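Here's my sequence, what's the structure:
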Amino acid sequence: MSQNSNNEQNNYSHDKDDDDGHEHDMVMPGFRFHPTEEELVEFYLRRKVEGKRFNVELITFLDLYRYDPWELPALAAIGEKEWFFYVPRDRKYRNGDRPNRVTTSGYWKATGADRMIRTENSRSIGLKKTLVFYSGKAPKGNPN
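Now for the predicted structure:
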């Protein structure tokens, strides 16, 4: 092997060993995911319900109520202060409308008035609920 070939081989193996810790990143550096409520419902949720694929999965499917709130950041595909998940609706009773929001350490409770999500032309496309996590068992839990 010539001297030049050895140098090329050494440079190549050095480059492989010189990783920057980003080889498993889901998106490119500098990318920010800040969808509007309308975009979340009309684009992401609609496509998911219709079974259409995404080039990059930015929102993961998660049974939210199997986890406590402090576990959620590690389970999200993207996000630092906000995380997005597709969550199946679980019913407290098989034939009832009451949701089951119990986790291992507590429960999620809806608070405040539901807010309508509307398109730019004011068409109603969904509801937004605010949930607060309570540690312990209902109804004597402590808000976190």
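
which residues does Leu62 contact?
Taking CB atoms under 8 Å, 6 or more residues apart in numbering, we find Leu62 in contact with Leu75, Phe85, Tyr86, Val87. Bear in mind the C-beta positions are built from the backbone N, C-alpha and C, glycine included.

mind redoing it with 6 Å?
The contact partners of Leu62, by CB atoms under 6 Å, 6 or more residues apart in numbering, come to Leu75, Phe85.

again with the one 4 residues further on
Under the criterion of CB under 6 Å, 6+ apart, Arg66 has no contact partners.

separation between it and Asn121?
If you measure Arg66 against Asn121 using CB to CB, to the nearest Å, the figure is 38 Å.

remind me which residues of the chain are low pLDDT?
Low-confidence segments of the chain, defined by pLDDT under 70: 1-28.

any chance you could map the strands in it?
With DSSP state E, the ranges of strands along the chain come out as 60-61, 85-86, 106-118, 124-135, 142-143.

now these in CSV, with mean neighbour count?
Formatted as CSV, the strands of the chain follow (neighbours: other CB atoms under 10 Å):
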stretch, mean neighbour count
strand 60-61, 12
strand 85-86, 14
strand 106-118, 14
strand 124-135, 14
strand 142-143, 10
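
Of all those, which one is nearest Lys52?
Nearest to Lys52, of all the strands of the chain, is strand 85-86, at 13.1 Å by CB to CB.

so how far is that closest one from its chain's centroid?
Its chain's average C-alpha position is 5 Å from that of strand 85-86, according to CA atoms, centre = their mean, to the nearest Å.

mind starting the numbering at 33 from now?
In the new count, where the first residue is 33, that last one comes out as strand 117-118.
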